[in-house]
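**Q** how does the following fold in three dimensions:
(2 chains)
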Amino acid sequence: MFKAPRGTADTLPEEQPYWRYIEEKALETCRLYGYGRINTPAFEDAGLFARSVGEGTDIVNKEMYVFKDRSDNELALRPEGTASACRAYMEHGMDNLPQPVKLFYFADIFRYERPQAGRYRQHHQFGCESIGDPSPMVDAEVIHMSRNFFLSLGLRNFSLQLNSIGCQNCRPGHLKKLIDYFAPLGPRLCGDCQARLERNPLRLLDCKKPGCQAAAEEAPKSADYLCDECGAHFESLKSYLQALGIGFVLNHRLVRGLDYYTRTVFEIQPAEGGSQSALGGGGRYDDLITMIGGKPTPAIGFASGMERIVLNLKSQCIAVPQPAKPAVFIACMGGDARVEAVKLAAVLRDGGIAVISSSGERSLKAQLRLANAAGVKYAAIIGEDEVKAGTVMLRNMETGEQQETQPDELLKLAGSGQ
RNA sequence: GUGAGUGUAGCCCAGUGGUCUAAGGCGCCAGGUUGUGGCCCUGGAUAUCGAGGGUUCAAAUCCCUCCACUCACCCCA
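**A** Okay, here's the model as predicted:
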């Protein structure tokens, strides 16, 4: 038998209310902040991600689904959403629009990883990007928006982790300090970290190994080595957040796994669950558009993982709206009754009433059991007597009362919800 | 890619060498009225015991290999 590929999942009808709920809250949040929806392809030129996310990152190196199509184009299933949004921004000349351009999306994201709790090979992100404005006001607004999105979902007890990793001008200085700090520790670092020292010293801060963690705590902080511009940007962002009453945790070890981030980086972390279970995260990426061949364009974005939100909604026992049950179940007995049942279902549906019906193969008892299981308010029963009389036996499933009715009366009754 | 754990019906699971032609619960189907649901009662269907190989007179149960799932690491949403 076929099974869904590893790391993918079917979202069955009973799960859908969670997704619908999240989508509605996201849509409302985007409306409040003036974001417009964009859909981009599930796959792109592989180079788009290699250039933006970074050749040296795990995402590009070992997690990206790359393939050649029949014309030998090198394509990749998108491993994140920002690069596509920026590509679309450039491709459609959105730099000629009033800036910033604010886009949001729901996208499936593909990464070849070992699945575990809250992590899948295909997962879904709600993300937003504000492109074209360098002001820290925008940073504050994006952070405010992401926080309010989670609050609107009813989620509580999450923290906002914040850091600034500087820009092309000041980051090299910090990196050098980091190397100077970590290099003498050499053999006391774990194997991974010794490799990271060469490849990407920032990542050393991220290591979960106790020994490295202790070392990372004392390491030079990027925020201490910001250039004047980055420092001023970070300071005013913090003052905006304070003015908005948004609490945050300065986390100098918060670096993100994508190369394109500059200055502001942030993450929303649930109270419970490890550091790898972030509900969402984002940051500024002022260099990304130049990395993929555009003119210098400042931007900042945020993305959240739908599956992780569902997990947290459940663990926090947040009830989500359930879809309405159909109003009427039509039961029938006998061949002539079936014709009447089909006609009645059509009349009711034309009148906007949700109807489910039985094909009449089973006993009335069995049909009513189905009606009960479906949670309908009314069962409309059509047997030989009703066919002869041109009526319908209407049974109220809540009270058990029933009465003969005309089809058009039934329409009125069910429509009024009485 | 690495490490640990788990694999028995649609779902939850009992069972650790013979009494297992595999128990129970949920769900499903039917019956308990001649045209009537929800509770209750009765009956029924559904399991190549993850797959393959081995040990043994005898394997769901022991051994080996493989596969899948889960959790954790790496990294991220």
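**Q** report the buried residues of stretch A:238-255.
**A** By neighbour count on 16 or more other C-beta atoms under 10 Å, the buried set for stretch A:238-255 is A:238, A:240-241, A:246, A:248, A:251-255. From N, CA and C alone the C-beta is placed, and that goes for glycine too.
**Q** dump those residues into TSV; add pLDDT, secondary structure and distance to RNA strand B as well.
**A** Below are the buried residues of stretch A:238-255 laid out as TSV (pLDDT from 0 to 100; DSSP: H, G, I helix; E, B strand; the rest coil; distance: C-beta to the nearest atom of the strand, whole Å):
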residue	pLDDT	secondary structure	distance to RNA strand B
A:K238	97	helix	21
A:Y240	98	helix	22
A:L241	97	helix	19
A:I246	96	coil	18
A:F248	95	coil	16
A:N251	91	coil	13
A:H252	89	coil	15
A:R253	88	coil	11
A:L254	89	coil	10
A:V255	84	coil	7
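**Q** for those, which one is nearest A:F126?
**A** Distance ranking of those against A:F126, using C-beta to C-beta, places A:I246 first at 19.7 Å.
**Q** that closest one: what's it in contact with?
**A** A:143-144, A:147, A:160 (C-beta atoms under 8 Å, 6 or more residues apart in numbering).
**Q** if we use 10 Å, what do you get?
**A** By C-beta atoms under 10 Å, 6 or more residues apart in numbering, A:I246 lies in contact with A:140, A:143-144, A:147-148, A:160, A:162, A:238, A:240.
**Q** now do A:L288
**A** Contacts of A:L288 were listed using C-beta under 10 Å, 6+ apart, and they are A:51-53, A:82-83, A:85-86, A:129, A:131, A:258-262, A:294, A:297-299, A:301.
**Q** let me know whether A:R188 touches A:A215 as I believe.
**A** Yes. With contact defined as C-beta atoms under 10 Å, A:R188 reaches A:A215; the gap is 7.4 Å.
**Q** show me what secondary structure element comes after the helix or strand containing A:E386.
**A** In the assignment (DSSP states H and E), A:E386 maps to helix A:384-389. Past helix A:384-389, heading to the C-terminal end, the next element that is a helix or strand (DSSP H and E) is strand A:392-396.
**Q** parallel or antiparallel, which strands does that following strand pair with?
**A** For strand A:392-396, the pairing partners within the sheet under DSSP bridges are strand A:378-382 (antiparallel), strand A:402-405 (antiparallel).
**Q** neighbour count: A:R188 and A:A215, which is higher?
**A** A:A215 (19 against 13; other C-beta atoms under 10 Å).
**Q** quick check: the more buried one is in a helix.
**A** Yes. With the criterion set as DSSP: H, G, I helix; E, B strand; the rest coil, the secondary structure at A:A215 is a helix.
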